[in-house]
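>>> what would the 3D arrangement of this be:
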Amino acid sequence: MIIVVCIKQVPGTTQVHINPETGTLIRDGVEAVVNPFDEYAVEEALRIKEKNGGIVKAITMGPPQAEAALRSVIALGVDEGILVTDRLFAGSDTWATSYTLSCAIKSIGAFDLIICGKQAIDGDTAQVGPGVAEMLDIPFVAWVRKVEDITPTSIRVERMMEEGYDSIEMPLPALITVVKEINTPRMASLKGKMRAKSAPIVKRDAASFPVRAERVGLKGSPTQVLRSFVPEKKSGGEKISGDVADLVAKIKSTILDLEIIR
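Below is the predicted model:
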């Protein structure tokens, strides 16, 4: 079984700056880590591999320094790291990212299952996983909290819902996005860290796989950031306390006073 895990390197701090011209994050010089939700995807892929055999490939799209994210998951047990990097891909929104990743995944050969974290903490859109599945034309389930069973031809999962869960079975190849309830990510061993230091990283640029230039990067991104700013910190306000009856009376009085002022 060949499992592909999509990971992303994200800022490890909230102290980031925005490029005023493109509206994108300035990542140079900023501490970076593997997106926390992707750690659960990696762990689930490794558990499936340990139970059923196979190969786990991690793929990420980003600048050259994103290689560090791949080495960190190789230290956990991932077999192969693939870095999709090219200046042409810079500034991609979720649409362009999904397209680029889907093209890159097609180019690396056959696969049985793709696993993604539910979302990235630097965007919180949860769109790339579904986007990749759509562009690869494969079945997809989001919010997976448990892999119940997997065979060479199918997978059955529990999808988290507001009240309870759904049990869904679908044919392979397929893509799932997982939530943190699915497992507890492991720590890297010393042996794994040593292996990761010298592990070869496969690097793919725009010339190494079929991709349409007009569909990637800022040019291929239908989402354009017009303005980014830090919200103004406001002061004032009033804190009220008391039992329920007192609170209701005070809130009612405050609303009536506001209506009079207006």
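>>> now the strands for the stretch 151-262 of the chain?
All strands of the stretch 151-262 of the chain, identified by DSSP state E, counting those that start in this stretch, fall at 154-160, 165-171, 174-178, 201-204.
>>> dump those into TSV; add distance to Glu43, mean pLDDT and mean neighbour count as well.
To be clear about C-beta, it is placed using only N, CA and C from the backbone, and glycine gets the same treatment. Listed next are these as TSV, based on distance: least, Cβ to Cβ, whole Å; pLDDT from 0 to 100; neighbours: other Cβ atoms under 10 Å:
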stretch	distance to Glu43	mean pLDDT	mean neighbour count
strand 154-160	15	98	18
strand 165-171	20	97	13
strand 174-178	9	98	26
strand 201-204	21	96	17
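>>> just put these in CSV and tack on distance to Thr94.
Shown next, in CSV, are those (distance: least, Cβ to Cβ, whole Å):
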stretch, distance to Thr94
strand 154-160, 21
strand 165-171, 23
strand 174-178, 13
strand 201-204, 20
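>>> closest one to Lys252 among those strands?
Among the strands of the stretch 151-262 of the chain, the nearest to Lys252 by Cβ to Cβ is strand 154-160 (39.1 Å).
>>> packing partners of that closest one?
On a contact count with 3 or more Cβ pairs under 8 Å, 6 or more residues apart in numbering; DSSP states H and E, strand 154-160 meets strand 140-150, strand 165-171, strand 174-178.
>>> contacts for the first one?
The one in question is strand 140-150. By Cβ atoms under 8 Å, 6 or more residues apart in numbering, the residues outside strand 140-150 that reach it are 1, 44, 48, 52, 113, 118, 126, 129-130, 133-134, 155-161, 165, 167-168, 170, 172, 174-179, 181-182.
>>> the second one now?
Here strand 165-171 makes contact (Cβ under 8 Å, 6+ apart) with Pro139, Val141, Arg145, Glu148, Thr153, Ser154, Ile155, Arg156, Val157, Glu158, Arg159.
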